[in-house]
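Trainee: just coords:
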Ligand code: IMP
Ligand code: MG
């Protein structure tokens, strides 16, 4: 705890708690998909790359991993709700059992865009998974697997960034307000 980066206010979720929760989500997925045959995990770059790597290694049902990259307009803490597809999947998902793996859901615009886009491609089933969710009253998209609820602050670590920094911290930390506002 002594060497926290000066941008960081405090640690919100420890590395151990994240790893424990990821294992629980993997166990849920194993249970829900035990008779499904092949599952496709779609990790959303860049934020979910670490979560996708850890989750996929803890899942035992047969699965493959693919990635999409999505960008909101604006680089940092401003989200205006416009979502852009930067990089698409390598393979079609028609008739596949698909799970979208996101880092964090805030307004839900990104997950909603992903859900609509992927649903339009005719998967056998589509579920959503996000390790973190900020507390919102209303979301337009169903969330099937959620790791942790977070307060409405900007967080970094475990794949999540601020202007592409702090992604590789092993824990989830709250950024100091003066850094992002
Ligand atoms: P939404 O579209 O408002 O739900 O925002 C979701 C996207 O915004 C996520 O995929 C993240 O890339 C980003 N995001 C939202 N909140 C945070 C945060 O606190 N830290 C880092 N990224 C965030
Ligand atoms: Mg993201």
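Mentor: Ah, there it is. Small disclaimer: the values here were computed from a predicted structure and weren't measured. Ligands and ions are numbered 1, 2, ... in the order given.
Trainee: all contacts plus neighbour counts: C-alpha atoms, from now on.
Mentor: Fine.
Trainee: contact residues of this protein facing ligand 1?
Mentor: Taking CA under 6 Å from any ligand atom as the measure of proximity, the chain contacts ligand 1 at 47, 103-110, 153-156, 160-161.
Trainee: and of the residues you listed, the nearest to residue 134?
Mentor: Checking these against residue 134 by CA to CA gives residue 106 as the nearest, at 5.1 Å.
Trainee: so what sits opposite the nearest residue in space to that closest one that is not next to it in sequence in the bridge?
Mentor: Sequence neighbours aside, residue 134 is the residue nearest to residue 106 in space, at 5.1 Å (criterion: CA to CA, 6 or more residues apart in numbering). Beta-bridge partners recorded for residue 134 (DSSP bridges): residue 150.
Trainee: tell me if I'm right that residue 134 and residue 105 touch.
Mentor: Yes - using CA atoms under 8 Å, residue 134 is in contact with residue 105, at 6.3 Å.
Trainee: neighbour count for these two, which is higher?
Mentor: In this view residue 134 and residue 105 are compared by other CA atoms under 10 Å, and residue 105 has more residues nearby, 23 against 17.
Trainee: the nearest residue to residue 129 once chain neighbours are set aside and residue 139: what is the separation?
Mentor: Excluding its sequence neighbours, the residue lying closest to residue 129 (CA to CA, 6+ apart) is residue 145, at 4.4 Å. From residue 145 over to residue 139 the distance is 14 Å, taken as CA to CA, to the nearest Å.
Trainee: now residue 51
Mentor: Going from residue 51 to residue 139 by CA to CA gives 22 Å.
Trainee: so those two - more neighbours on which side?
Mentor: Between residue 51 and residue 139, residue 51 has the larger neighbour count (other CA under 10 Å), namely 23 against 15.
Trainee: what ranges do the helices span in the chain?
Mentor: Along the chain, counting by DSSP state H, helices occupy 15-32, 49-58, 109-119, 177-180.
Trainee: include mean pLDDT when you put those helices into TSV, please.
Mentor: Converted to TSV, the helices of the chain look like this (pLDDT from 0 to 100):
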stretch	mean pLDDT
helix 15-32	98
helix 49-58	98
helix 109-119	95
helix 177-180	93
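Trainee: mind listing the strands for the chain?
Mentor: Along the chain, counting by DSSP state E, strands occupy 8-13, 39-45, 63-72, 83-87, 97-105, 125-134, 145-150, 155-156, 172-175.
Trainee: who wins for proximity to residue 23 among the ones you listed?
Mentor: Judged by CA to CA, the one of these that comes nearest to residue 23 is strand 145-150, at 10.2 Å.
Trainee: hmm, who's touching the closest one?
Mentor: Strand 145-150 has contacts (CA atoms under 8 Å, 6 or more residues apart in numbering) with 21, 22, 25, 128, 129, 130, 131, 132, 133, 134, 135.
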